[in-house]
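**Student:** Can you look at this prediction? I've put the sequence above it.
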Amino acid sequence: MSHSLTKNILEIDLDRKTSVVKNRTDLSDFIGGVGLSMKLYQEFRAQKPLILSIGPLNGFFPFASKTSVFFGVKNKVYDYYIGGSLSTRIRFANLDAIVILGRSKGDIFLDIQNSEVTFLDFGIEFQSQGLPGRRSLIEFKTNKYLLDNYFRFSGSEADSFLNYKKIMGIVISGTHNFDVIDSKEYNDLYKEILTRYEFLTVKKDEFPSCSGCPVGCSKSNIGENSGNFLVHSLVGCQFAKRLYSNKDLLISCLNVLGYSYTHEDIEKYLDTLYNLKNEYIFQ
């Protein structure tokens with residue numbers, strides 16, 4: 001399995017009610033998450049995009065459990081990170097990012113199954129949509145955005161932006177399967193990461209966990225915003241920052257998944273992000 005040459009981007013046009021998946025080799029240097037979102041936002045800024053993106057470790061390794069939610073309002077940009085199973089569903093839809101462009105003429109739901117998008121009228125029974133056991137369902141309500149009825153991010157800016165878009169909810173189902181280059185090395189590395197609880201900044205508990213996380217911490221349902229560029233490019237949990245800031249471990253994870261990123265590539269990538277950041281006002 002090699003992911004290093006392309007990024008699969010699902011573009012959804014709300015104005016025309018159309019969608020297309022584009023395989024973008026020109027985005028290969030942008031590892032994922034916030035970095036990929038920043039680059040895509042630069043490209044689609046005039047169409048007021050809502051961007052959901054994941055990183056290379058999502059769906060494969062523990063504690064890489066978030067999804068980047070990125071949008072702009074006036075001259076400011078906002079980056080949120082939501083947990084739950086969303087990043088895994090996007091991974092198994094074989095997508096790296098979903099870019100939602102324009103504005104719907106009326107309130108709608110989006111049903112995304114792999115690369116196919118169905119535009120649903122607001123009056124339908126939204127909770128019944130998607131593929132059972134293989135879906136993540138986000139419902140947007142005033143000042144409250146619930147993923148699978150538990151995980152959330154919220155804010156007045158997100159509320160007004162989504163009201164403008166007229167999106168009331170998104171359900172994402174993914175059915176793809178992936179193989180790894182060396183299953184033994186992958187399993188050994190996975191187990192090693194699971195044992196590194198001392199690197200986490202939260203305690204193990206019995207709350208619902210994000211995908212790939214056995215910790216079930218008391219903060220699992222609280223969305224994040226801003227933070228470490230590298231961790232949020234993966235897209236990892238902020239409570240595992242110390243773990244995935246270890247570049248040797250990160251390179252090992254990337255290599256076993258077939259990515260060809262080197263230490264130098266990561267440093268160059270981070271420099272690019274800091275330069276991009278100067279073009280925006282982050283909130």
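**Tutor:** Sure thing, it's come through.
**Student:** Quick check: I124 vs T18, distance?
**Tutor:** 20 Å (Cβ to Cβ, to the nearest Å). Just so you know, the C-beta spots here come from the backbone N, C-alpha and C atoms, and that holds for glycine as well.
**Student:** Which of the helices or strands spans F109?
**Tutor:** strand 108-113 (DSSP states H and E).
**Student:** elements contacting the helix or strand following that strand?
**Tutor:** Where DSSP H and E defines the elements, the next helix or strand beyond strand 108-113 is strand 116-121. In terms of contacts (3 or more Cβ pairs under 8 Å, 6 or more residues apart in numbering; DSSP states H and E), strand 116-121 is packed against strand 108-113.
**Student:** what does the strand it packs on rub up against?
**Tutor:** The contact list for strand 108-113 (Cβ atoms under 8 Å, 6 or more residues apart in numbering) reads 10, 12, 14, 93, 98, 100, 117-122, 124, 126, 129-131, 166-175.
**Student:** Of these, keep whichever come out buried.
**Tutor:** 10, 12, 14, 93, 98, 100, 117, 120, 126, 129-130, 167-174 (16 or more other Cβ atoms under 10 Å).
**Student:** Mark which of these are part of strands, please.
**Tutor:** 10, 12, 98, 100, 117, 120, 167-173 (DSSP state E).
**Student:** Pick out whichever of these sits closest to S160.
**Tutor:** Using Cβ to Cβ, I167 is the member of these that sits closest to S160, with 12.6 Å.
**Student:** So which residue is dead centre in the chain?
**Tutor:** The centre of the chain sits closest to T67, judged by Cα atoms, centre = their mean, with a distance of 2.6 Å.
**Student:** wait, that one sits on S53?
**Tutor:** Yes: using Cβ atoms under 8 Å, T67 is in contact with S53, at 7.2 Å.
**Student:** Now do the helix or strand harbouring D248, average pLDDT.
**Tutor:** Taking DSSP H and E as the criterion, D248 maps to helix 247-256. The average pLDDT for helix 247-256 rounds to 92.
**Student:** And for that helix, what's in contact with it?
**Tutor:** Outside helix 247-256, the residues touching it (Cβ under 8 Å, 6+ apart) are 56-57, 60-61, 180-182, 185-186, 189, 193, 230, 234, 243-244, 261-263, 266.
**Student:** What pLDDT does the model give the residue nearest to the centre of the chain?
**Tutor:** 94.
**Student:** partner residues bridging it?
**Tutor:** Under DSSP bridges, the beta-bridge partners of T67 are I82.
**Student:** Now do the contacts for it.
**Tutor:** 52-54, 58, 81-83, 86-87, 90, 235.
**Student:** Most widely separated two among these?
**Tutor:** Between any two of these (Cβ to Cβ), the greatest distance is 14.7 Å, for S53 and G83.
**Student:** higher neighbour count, the two?
**Tutor:** S53 (31 against 28; other Cβ atoms under 10 Å).
**Student:** surely the more buried one meets G32?
**Tutor:** Yes: between S53 and G32 there is a contact at 6.2 Å, judged by Cβ under 8 Å.
**Student:** Overlap in contacts, the two.
**Tutor:** 96, 235.
**Student:** Relative to V34, how far out is the residue nearest to the centre of the chain?
**Tutor:** Taking Cβ to Cβ, one finds T67 at 11 Å from V34.
**Student:** Name the residues contacting each of those two.
**Tutor:** 53, 235.
**Student:** what about the helices in the stretch 1-150 of the chain?
**Tutor:** Per DSSP state H, counting those that start in this stretch, the stretch 1-150 of the chain carries helices over the ranges 33-44, 86-92.
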